[in-house]
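Asks: quick check, what structure comes out for this input:
(chains A, B, C and D)
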There are 2 protein chains.
Amino acid sequence: MLARNPAASMTDVANLAGVGRATLYRHFPSRTALVRELARECLRRTDADLAPVADAGLRGRRALEAVIQLIMPLARQFHFLLSLWSYAEDDEDIRAIYDRQLTQLVTLVEEAKAEGSIDAAVPAAWVVSSLDAQVAAAWWMVGNGLFTDSEAAEAVIRSLFDGIGPRA
Amino acid sequence: MLARNPAASMTDVANLAGVGRATLYRHFPSRTALVRELARECLRRTDADLAPVADAGLRGRRALEAVIQLIMPLARQFHFLLSLWSYAEDDEDIRAIYDRQLTQLVTLVEEAKAEGSIDAAVPAAWVVSSLDAQVAAAWWMVGNGLFTDSEAAEAVIRSLFDGIGPRA
DNA sequence: TATTTATGATACAAGTATGTCTCACATATG
DNA sequence: CATATGTGAGACATACTTGTATCATAAATA
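Replies: Here you go, the predicted structure:
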């Protein structure tokens, strides 16, 4: 519900969940608590889905490509945070997990730079921003039936590393 | 105010504008009217700023690069529409202007394909989405002091056409 | 100077959201 | 069977937001 409409009320959430509003408040003492738990869940799920990348020992560009492919189905859940993040960012736990994930991503970017698959002159922060923005854009394409999940991942990988210019 | 916090109340807007709430209602009969006028203003300003591109007779990639450079300072005003667009999209005038601008952008993309500076296999919708997403991302970098305006435009142009891979 | 106009402050009504509380009921457990 | 637990429905207080209306005042105009 909050992913579709971040301004949804507790009544809306309860109705969509098929439970009474009172019951919702029994599980989440406040709206802020609900949003934070949702954020935590998103971050947990990301950790879980991205674990195979680290386990497989992938590095640099190969790892980033795997991350993009794995993260695409989660983009929807991520996207809701854009407008609700202000409620979550004050939470210490959430911030810690988020910072760690961000650091891991930056590490992959640095590895890719070291192996020569990313231009060392490009700031890592921009790579991460551009990656994030394009994943969100690609998910939007999926949502509007203009891409399948795999097409979306492929488009992001290609655009990110090689751009939309003519193939070499 | 609405650019920073799209959920801001009329009181917030009036306070930031340094006028009374009543006066704000004298100029904009409703919150929706305010948002729509803001949207109209954004689109008008975009038209004005982008007019030189058409006047100079730029086409294809050169035109797209000029658009990116000119649009960057406007990105902030554009960005507020993401969450407020639902209030504006019902307005016939606004929709017409927006659709025209979008069509013009797609035309530039098609021209770039024809001249060989964009791979014909890449869907135009994805080019526009990726462009839009990266402009927003770059503006965010500017807002956080990680890019200057011109660095931002340069980064978007380079990432869009050539990606972040090593320079050929 | 007299008058019109725009403004700020404020009160007001109606609607909605949050968070708390109570009560009746169903279900699971002892 | 008796009891404990969780739920749904709803009342309730509080607060906030929208949109309207009123009134006194400052500034521009005639």
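
Asks: low-confidence ranges, chain A, go.
Replies: Judged by pLDDT under 70, chain A has no weakly predicted residues.

Asks: just the helices from it, written as ranges.
Replies: A:10-17, A:21-27, A:31-55, A:60-71, A:75-79, A:81-88, A:92-115, A:124-143, A:149-162 (DSSP state H).

Asks: including distance to DNA strand C, could these go into TSV?
Replies: The way it works is simple: take the backbone N, C-alpha and C, and place the C-beta from them, glycine included. Compiled in TSV, the helices of chain A are given as follows (distance: least, Cβ to the nearest atom of the strand, whole Å):
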stretch	distance to DNA strand C
helix A:10-17	4
helix A:21-27	4
helix A:31-55	4
helix A:60-71	29
helix A:75-79	20
helix A:81-88	10
helix A:92-115	18
helix A:124-143	24
helix A:149-162	32
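
Asks: the ones you listed into JSON lines, with extra columns for distance to residue B:116?
Replies: Output for these, formatted as JSON lines (distance: least, Cβ to Cβ, whole Å):
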{"stretch": "helix A:10-17", "distance to residue B:116": "49"}
{"stretch": "helix A:21-27", "distance to residue B:116": "57"}
{"stretch": "helix A:31-55", "distance to residue B:116": "36"}
{"stretch": "helix A:60-71", "distance to residue B:116": "26"}
{"stretch": "helix A:75-79", "distance to residue B:116": "32"}
{"stretch": "helix A:81-88", "distance to residue B:116": "36"}
{"stretch": "helix A:92-115", "distance to residue B:116": "28"}
{"stretch": "helix A:124-143", "distance to residue B:116": "23"}
{"stretch": "helix A:149-162", "distance to residue B:116": "15"}
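
Asks: tell me which of the ones you listed approaches DNA strand D most closely.
Replies: DNA strand D lies closest, by Cβ to the nearest atom of the strand, to one member of these: helix A:21-27, at 3.1 Å.

Asks: how far out from the middle of the chain is that closest one?
Replies: 28 Å (Cα atoms, centre = their mean, to the nearest Å).

Asks: quick one: contacts of that helix?
Replies: With Cβ atoms under 8 Å, 6 or more residues apart in numbering or on different chains as the test, helix A:21-27 has contacts from A:10-11, A:13-14, A:17, A:34.

Asks: coming back round to it: got the helices of chain A as CSV, with mean neighbour count and distance to residue B:90 columns?
Replies: Putting the helices of chain A into CSV (neighbours: other Cβ atoms under 10 Å in any protein chain shown; distance: least, Cβ to Cβ, whole Å) gives the following:
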stretch, mean neighbour count, distance to residue B:90
helix A:10-17, 14, 21
helix A:21-27, 13, 30
helix A:31-55, 16, 28
helix A:60-71, 20, 34
helix A:75-79, 18, 23
helix A:81-88, 17, 21
helix A:92-115, 16, 36
helix A:124-143, 21, 20
helix A:149-162, 21, 29
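
Asks: that older thread, tell me which two of the contacts of helix A:21-27 sit farthest apart.
Replies: Within the contacts of helix A:21-27, A:11 and A:34 form the most distant pair, 12.7 Å apart (Cβ to Cβ).

Asks: overlap in contacts, the two.
Replies: With Cβ under 8 Å, 6+ apart as the test, residue A:11 and residue A:34 reach no residue in common.

Asks: how about the residues of chain A by chain B?
Replies: Counting by Cβ under 8 Å from any Cβ of the partner chain, the residues of chain A close to chain B are A:6-7, A:83, A:116-119, A:122-123, A:125-127, A:129-130, A:132-134, A:136-138, A:140-141, A:146-147, A:155, A:158-168.

Asks: can we see that at 6 Å?
Replies: Contact residues (Cβ under 6 Å from any Cβ of the partner chain) of chain A with chain B: A:116, A:118-119, A:122, A:125-127, A:129-130, A:133-134, A:137, A:141, A:146, A:155, A:159-167.

Asks: ok, which of the contacts of helix A:21-27 also contact DNA strand D?
Replies: Near DNA strand D, judged by Cβ under 7 Å from any atom of the strand, there are no entries from the contacts of helix A:21-27.

Asks: which ones are touching residue A:125?
Replies: By Cβ atoms under 6 Å, 6 or more residues apart in numbering or on different chains, the contact set of residue A:125 is residue B:146.

Asks: let's see 10 Å
Replies: Contacts for residue A:125 (Cβ atoms under 10 Å, 6 or more residues apart in numbering or on different chains) come out as A:102, A:106, A:109, B:141, B:144, B:146-147.

Asks: check residue A:145 too.
Replies: Counting by Cβ under 10 Å, 6+ apart, residue A:145 has no contacts.

Asks: distance of it from chain B?
Replies: Remark: distance between residue A:145 and chain B (Cβ to the nearest Cβ, to the nearest Å) = 11 Å.
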